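S.K.: structure for this input, please:
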Amino acid sequence: MTDYSIIGASEAQHQLLNEISRELDIDDGDLYAVAQDVLHYVTARLHSQTQGPASCVSYIHSDITQDIRMAIKNEEMSLGMAIDTQAGRLRISSIKFASGQRDAINKQVFYLRKDAKTTGQVFEDIATCLAGFINTHQLGDGVLPLGVNIDRPVAETSRLGGRVADNVDCGLFRNVDIAQALAAAILKQHLPVRVTSVTNCVVSTLVTAQHRFSSTRAALTLNHGINASYYELCENLERFRGLPGSVAVNTELARYGEESKALRLTRWDNRLDRESANTGTHTFEKLVADKYLGEIVRNLITDFMDAQLIFAKDSDASVMGEPYSFFTSYMTTMEDQSDDLSELRDLLRAGFNIKASVVDCQIVRALCQMVTMRAAKLVGAAVAGIVCRASEGQRGGVVVSISGQLTEMNQPYVRCTTETAKRLLSNMGIKEPTTFNVLGEDGYTIGAALAAFSK
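M.R.: Numbering: from 1, shown residues only. Below is the predicted model:
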C-alpha cells in the first residue's frame, strides 16, 4: 500500500487518510479476480441468446484493412459521422486517400435541433448538417460512402443496418433502423451519399487503430465514459460460424460489474451510485470513468471537511458541496510538484473560493492520487481480461490501442493502466508480449469514415 504520509499533517488527518487509502487500495490478487471476471463477462455475453446492450457483435471484419488498402490504391474518399445522442452533437469527417501523400482529412462539429418532435425531424436535421459539410468542403464528386457510429450499443441487423440495442434509453433514436432512416433523409435532400455501415463508436475506434497499427486486436476508449472492443473469431459466433477470420465486438464494458462479486465497492462508491441518475447500473464506469472520478474525490474531500480536518473552519463550503463541482480534469493537479503546490492552491481559490494551506493541498493531491490509481488498476485488469479473449487463436502478441480525452489529460492513469494489464497478463498465462498504443482523443469519427469502405 502506498505511503501517503504528509509532513505537518496531524495524527487525525493521517488516520483518515490511511483509512481511505486502505479502502481504495486494491492488490494484485483482487485485480486478478477482476480480470478473470471480465473475461467471463465478455464470454458469457457472446453466448447469450439475445443481442442485448451488454455485448453487441458487429459486421466489421478484421480484414477491413484490405478494404482500406484497396481504397488507398484507388484514391477513394469517404464520409464518417459520429452521433452523440446525449449531447445532441454531430461530428462529421471526410477522408481522401492519395498515393504517396498524407490522408486529406476534414472535420466539423454540428449541434442538432433541440425542438425536434419526431424521429423523421431528427434525421432530416442530420441530413441538413451533412449537406452543409459537403458544400463547405466541396465534396460533390460522385456518390460518397458514409459510415455512421453512435454513442449507444448497436444491434447490427445486417452489414448495413443497425438499431440501438433494446432496453437502452436514447429518446427519438430508440427502435429505429439508423441506416434506413438516414438514407431516407439523404434521398429527400438529393445528397450524393450512400450509407454503408452503422456501428458503435468503440468499434469505429478499433477500425482507426487497426488502420494505424495493423496488428491491433483490441481498443479501449477513455472518454466521459469507458468502453472496449476487440476482434472475436467467427467460429465462436453462431451468426458467423463457417466464415474465416474475426469480427468486432462491442463489450459494453461500462456495464460490467452490475452482478459481479469480484468488484469491491466502498461506501463512497455506494453513495455515488445511490445519488446518480442511473442507480444500480454502469457499475464499472462509476469506478473508473472521467464522468465520475472527480465526484469520488469531492466526496472524500467533504468527508475531511465534515470531520473539520481540512481547510479553515470558516471556509466557504458552498461550491465544494455541489455535486460534480470537482471536475475530473482538476485531478491533473496531482502532478503539481512545486514546494508550495501553487497550482493546486490557485485552483481551490478560483474554483471553490477556498484558501488552502500547503497541508490541505497535499491532502487533496493524495486523494486524487488514490482515486486515479485505483481506477487505472481496475481498467488495467479489465483490459487484461479482454486481451485474454482477443488472444484466442492468435499467433504473436496482441496490440491494444487506447484513445479518449483521459489519455491526453491524465498520463499517470494511462501509464498505470498499461503496467497493470501487462503484469496481470503474465500471471494469466499470456506469454506473448502485449503492445499498447495511444491514439489520442478522437479515434471514432475517422473510424466511421474508414468503416465506410467495409465490403
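S.K.: mind listing what K96 touches?
M.R.: E75, E76, M77, D103, A104, I105 (Cβ atoms under 8 Å, 6 or more residues apart in numbering). In this view, the C-beta of every residue, glycine as well, is placed from N, C-alpha and C.
S.K.: now the strands for this structure?
M.R.: Taking DSSP state E, the strands of the chain run over residues 56-61, 77-84, 89-96, 104-111, 144-150, 154-156, 162-164, 193-200, 216-222, 226-233, 246-250, 399-403, 435-440.
S.K.: dump these to TSV, plus mean pLDDT and distance to R22.
M.R.: TSV is the format used below for the strands of the chain (pLDDT from 0 to 100; distance: least, Cβ to Cβ, whole Å):
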stretch	mean pLDDT	distance to R22
strand 56-61	85	38
strand 77-84	92	39
strand 89-96	93	41
strand 104-111	92	44
strand 144-150	92	41
strand 154-156	73	41
strand 162-164	70	42
strand 193-200	90	38
strand 216-222	91	26
strand 226-233	94	25
strand 246-250	92	36
strand 399-403	89	29
strand 435-440	81	30
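S.K.: would you map the helices across the stretch 1-150 of the chain?
M.R.: For the stretch 1-150 of the chain, the helices defined by DSSP state H, counting those that start in this stretch cover 11-24, 28-46, 64-73, 119-136.
S.K.: picking up where we left off before, who wins for proximity to T119 among the strands of the chain?
M.R.: Proximity to T119 (Cβ to Cβ) singles out strand 162-164 among those, at 11.5 Å.
S.K.: what sits closest to F97 if chain neighbours are left out?
M.R.: I72 (4.4 Å; Cβ to Cβ, 6 or more residues apart in numbering).
S.K.: my guess is that neighbour meets S99, correct?
M.R.: Yes - in terms of Cβ atoms under 8 Å, I72 counts as a neighbour of S99; the distance is 7.3 Å.
S.K.: and for stretch 228-240, what are the contacting residues?
M.R.: Counting by Cβ under 8 Å, 6+ apart, 46, 57-58, 62, 200, 202-203, 205-206, 217-221, 241-251, 253, 382-383, 386-387, 389-390, 392-393 sit against stretch 228-240.
S.K.: ok, stretch 338-352 next?
M.R.: Everything outside stretch 338-352 that qualifies as a contact, by Cβ under 8 Å, 6+ apart, is 316, 319-320, 325, 330, 333, 336, 354-356, 358, 360-362, 364-365.
S.K.: separation between A82 and C361?
M.R.: 39 Å (Cβ to Cβ, to the nearest Å).
S.K.: sorry, that was for D290
M.R.: On the measure of Cβ to Cβ, D290 and C361 end up 22 Å apart.
S.K.: if we can go back for a sec, now distance to L172, mean neighbour count and mean pLDDT too, for the helices of the stretch 1-150 of the chain, in a markdown table please.
M.R.: Below are those laid out as a markdown table (distance: least, Cβ to Cβ, whole Å; neighbours: other Cβ atoms under 10 Å; pLDDT from 0 to 100):
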| stretch | distance to L172 | mean neighbour count | mean pLDDT |
| --- | --- | --- | --- |
| helix 11-24 | 40 | 16 | 96 |
| helix 28-46 | 27 | 19 | 93 |
| helix 64-73 | 30 | 16 | 90 |
| helix 119-136 | 5 | 18 | 94 |
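S.K.: L265 is nearest to which of these?
M.R.: Closest approach to L265 among the helices of the stretch 1-150 of the chain (Cβ to Cβ): helix 11-24, 9.8 Å.
S.K.: and that closest one, what does it pack onto?
M.R.: helix 290-306, helix 358-390 (3 or more Cβ pairs under 8 Å, 6 or more residues apart in numbering; DSSP states H and E).
S.K.: rewinding a little: buried ones only from the contacts of stretch 228-240, please, as a PyMOL command.
M.R.: Buried residues among the contacts of stretch 228-240 (16 or more other Cβ atoms under 10 Å), as a PyMOL selection:
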select buried, resi 46+57+58+62+200+202+203+205+206+217+218+219+220+221+246+247+248+249+250+251+253+382+383+386+387+389+390
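S.K.: follow-up on the earlier one: could you dump the helices of the stretch 1-150 of the chain to a markdown table with distance to L187?
M.R.: As requested, the helices of the stretch 1-150 of the chain are exported to a markdown table (distance: least, Cβ to Cβ, whole Å):
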| stretch | distance to L187 |
| --- | --- |
| helix 11-24 | 54 |
| helix 28-46 | 36 |
| helix 64-73 | 24 |
| helix 119-136 | 9 |
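S.K.: pick the most buried one from the helices and strands packed on helix 11-24.
M.R.: Highest mean neighbour count among the helices and strands packed on helix 11-24 (mean count of other Cβ atoms under 10 Å): helix 358-390, with a mean of 25.
S.K.: contact partners for the closest residue to A209 other than its chain neighbours?
M.R.: With Cβ to Cβ, 6+ apart as the criterion, A209 has its nearest non-adjacent residue at 3.3 Å, and that residue is S401. When contacts are counted by Cβ under 8 Å, 6+ apart, S401 touches 205-206, 208-209, 212-213, 216, 218-220, 436-439, 443.
S.K.: redo the strands of the chain as JSON lines? Include distance to R271.
M.R.: Listed next are these as JSON lines, based on distance: least, Cβ to Cβ, whole Å:
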{"stretch": "strand 56-61", "distance to R271": "31"}
{"stretch": "strand 77-84", "distance to R271": "28"}
{"stretch": "strand 89-96", "distance to R271": "30"}
{"stretch": "strand 104-111", "distance to R271": "34"}
{"stretch": "strand 144-150", "distance to R271": "32"}
{"stretch": "strand 154-156", "distance to R271": "33"}
{"stretch": "strand 162-164", "distance to R271": "31"}
{"stretch": "strand 193-200", "distance to R271": "30"}
{"stretch": "strand 216-222", "distance to R271": "23"}
{"stretch": "strand 226-233", "distance to R271": "20"}
{"stretch": "strand 246-250", "distance to R271": "30"}
{"stretch": "strand 399-403", "distance to R271": "29"}
{"stretch": "strand 435-440", "distance to R271": "33"}
